[in-house]
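J.: Got a predicted model here, sequence first, then my questions.
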Amino acid sequence: MTTTPSLDGAPPIPRQRPTLPAGIAMAGAAITFTSLYLAAGALTPLLVLYREQWDFPASLLTLAFAAYAVGFLVALLTAGSLSDHIGRRPVLIGALVVQLVSNLLFLAASDVGWVIAGRIVQGLATGAGTTAFTAAIVEVAPANRKRLATILGSVGLTGGLGAGALLTGLAIQLTAGANTIVFVVLTIMTILGMIVVALSPETVQRPGNGQRPGKGQRPGNGQRPGNGQGSEGVLRSLIPRVAVPPAARAEFAAAAPVIAAVWMLAGLSGGLAPSMVRSVFQLDSGLLNGVSGFIAPAVSAVVGLAFARIDPRRAMTIGTYASIIGAAGIIGGVFAGSLAVMFVGQAIAGIGFGAAFTAALRLIFPLAAAHQRAAVVAGIYVVSYVAFGVPIVIAGWLTDVIGLVPSVTGYTALTILLALVSLVAQVRVARRAFRAG
């Protein structure tokens, strides 16, 4: 940024750098955000390919899948609100640089150790970028497209996961160098995303951040009003805060089991289902591996939008029942030797995810004050990603010990039990609310 001297002796007026039009900035940010989840979804069928090439046990396959959750949680809990203090652009460009490193790790991978390292770095990038991107997409959007921007931010996450799995599965089916093709394309998308972010307007304005100081302000004091003083506010933002206020605890406790259940089913779809296509159903197809990772997130993206106008208590009930039916369908397909039945089960589980998780947010959020919501979000994501990562690693270890089918049977049975616990708790919370009203 350059400055233009002032003729009256006042401080120089910053010359605004060129920025993208609002509509292009919104679209570019949405595509770049989606690319983070395209990369995460791409590993779903690629892990099966890696296992064929390097012959490692199922426990390492699920560890490589779940390592993403570790990086994601660490970044989300520490850097989730950082962009509120230092601006969206620095956080987004930093996240994309880390994403670029993960892409290069996958391109250079020669064994499963490289893949595990890449997944952790990938999780760090996605965790750091998710909150900043979802805010920035809406903030840079034209005034008449704010609702569209919100939808793009919502669909980019689960839609990106599903599309990444499907497109990568197609690449495995049609080409001999799927890993190289996928991560070269994703690297190009990441670099283009950096350019888009650099040319987009900064939506978190602080005195001294490209603004001419107002009367009574000192230029360059680095303060965002009400958001902490300088480096002190930044350091405070890096301290993880996980808390549920008393007013929201009953609702949180009732929702937590089904949140865990639907995220466990998401972990099953991404971590074990693709390998089941070959080991259980005896089908050697990269495309079917990709489809097995595509169905649940794609359905959940559509359902999450469709259920936005439905009463959250009703949506929670529907989602809980759907997760139970979906889990039963998955294991039913395994025992029946029918991949089609398993796919139907995954689709129904996707309905459960989209309905129950969206409803949980809508039920819990209004019960927390504005200054408490970040800590509540952190609590929800801790439950989500612990359920997404830890059980699938245990299932992978059990697969090496007792076999895949018994391991998946116990896994799905646990998700059904959690959903039933949540169903009972939801009834109690609803009754208590009815009596209080």
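T.: Received, thanks. This is a predicted model, so every value here is computed, not measured. Residues are numbered from 1 along each chain as shown.

J.: okay, now the domains of this protein?
T.: 16-204+235-240, 241-437 (automatic domain parsing).

J.: could you redo those domains as CSV and give each row mean pLDDT and mean neighbour count?
T.: Every C-beta, even on glycine, is put in place using the N, C-alpha and C of the backbone. Shown next, in CSV, are those (pLDDT from 0 to 100; neighbours: other Cβ atoms under 10 Å):
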stretch, mean pLDDT, mean neighbour count
domain 16-204+235-240, 92, 21
domain 241-437, 92, 20
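
J.: wouldn't residue 279 be in contact with residue 405 here?
T.: No. Counting by Cβ atoms under 8 Å, residue 279 does not reach residue 405; the two are 9.3 Å apart.

J.: So the residue nearest to the spatial centre of the chain versus residue 108, what's the distance?
T.: Geometric centre of the chain, nearest residue: residue 157, 5.4 Å, by Cα atoms, centre = their mean. Distance, residue 157 to residue 108, by Cβ to Cβ, to the nearest Å: 27 Å.

J.: what do you get for residue 415?
T.: With Cβ to Cβ as the criterion, residue 415 and residue 108 are 36 Å apart.

J.: Then residue 405?
T.: Per Cβ to Cβ, residue 405 is found 35 Å from residue 108.

J.: and what of residue 195?
T.: Where residue 108 is concerned, residue 195 sits at a distance of 24 Å (Cβ to Cβ).

J.: same check, this time on residue 23
T.: Counting by Cβ to Cβ - residue 23 and residue 108 are separated by 37 Å.

J.: Tell me where the stretch 251-400 of the chain has strands.
T.: Assigned by DSSP state E, counting those that start in this stretch, the stretch 251-400 of the chain shows no strands.

J.: For it, just list every one of the helices.
T.: Under the criterion DSSP state H, counting those that start in this stretch, the stretch 251-400 of the chain carries helices at the ranges 273-279, 286-306, 312-336, 339-364, 373-402.

J.: next structured bit after the helix or strand encompassing residue 74?
T.: Using DSSP states H and E, residue 74 sits within helix 58-79. Using DSSP H and E, the helix or strand that follows helix 58-79 in sequence is helix 83-86.

J.: what helices or strands is the helix or strand just after that following helix leaning on?
T.: Next in sequence after helix 83-86, counting helices and strands by DSSP H and E, comes helix 88-108. Contacts defined by 3 or more Cβ pairs under 8 Å, 6 or more residues apart in numbering; DSSP states H and E place helix 88-108 against helix 22-54, helix 83-86, helix 112-140, helix 178-199.

J.: try 7 Å
T.: Packed against helix 88-108 by the contact rule (3 or more Cβ pairs under 7 Å, 6 or more residues apart in numbering; DSSP states H and E) you find helix 22-54, helix 112-140, helix 178-199.

J.: can I get those in a markdown table with distance to residue 275?
T.: Below are the helices and strands packed on helix 88-108 laid out as a markdown table (distance: least, Cβ to Cβ, whole Å):
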| stretch | distance to residue 275 |
| --- | --- |
| helix 22-54 | 5 |
| helix 112-140 | 14 |
| helix 178-199 | 16 |
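
J.: for those helices, which one sits closest to residue 240?
T.: helix 112-140 (11.8 Å; Cβ to Cβ).

J.: could you check the angle helix 22-54 makes with the closest one?
T.: 170 degrees (axes from the mean of the first three to the mean of the last three Cα atoms, to 10 degrees).

J.: could you give the angle of helix 112-140 to helix 88-108?
T.: 150 degrees.

J.: So which elements touch the very next helix or strand once past helix 112-140?
T.: Moving toward the C-terminus from helix 112-140, the next helix or strand (DSSP H and E) is helix 146-174. The helices and strands touching helix 146-174, judged by 3+ Cβ pairs under 7 Å, 6+ apart, are helix 22-54, helix 112-140, helix 178-199, helix 286-306.

J.: Can I get the third one in CSV, CA atoms only?
T.: So that's helix 178-199. The C-alpha coordinates for helix 178-199 follow below in CSV (Å, rounded to 0.1, in the frame of the first residue of the first chain):
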residue,chain,number,x,y,z
ALA,A,178,-4.4,-40.4,-9.5
ASN,A,179,-2.4,-39.2,-6.5
THR,A,180,-0.3,-36.9,-8.7
ILE,A,181,-3.2,-35.6,-10.7
VAL,A,182,-5.3,-34.9,-7.6
PHE,A,183,-2.7,-33.0,-5.6
VAL,A,184,-1.3,-31.1,-8.6
VAL,A,185,-4.8,-29.8,-9.3
LEU,A,186,-5.3,-29.0,-5.6
THR,A,187,-2.0,-27.2,-5.4
ILE,A,188,-2.9,-25.0,-8.4
MET,A,189,-6.3,-24.3,-6.7
THR,A,190,-4.5,-23.4,-3.5
ILE,A,191,-2.1,-21.0,-5.2
LEU,A,192,-5.0,-19.4,-7.1
GLY,A,193,-6.9,-19.1,-3.8
MET,A,194,-3.9,-17.2,-2.2
ILE,A,195,-4.1,-14.7,-5.1
VAL,A,196,-7.9,-14.4,-4.6
VAL,A,197,-7.5,-13.8,-0.9
ALA,A,198,-4.7,-11.3,-1.4
LEU,A,199,-6.8,-9.3,-3.9
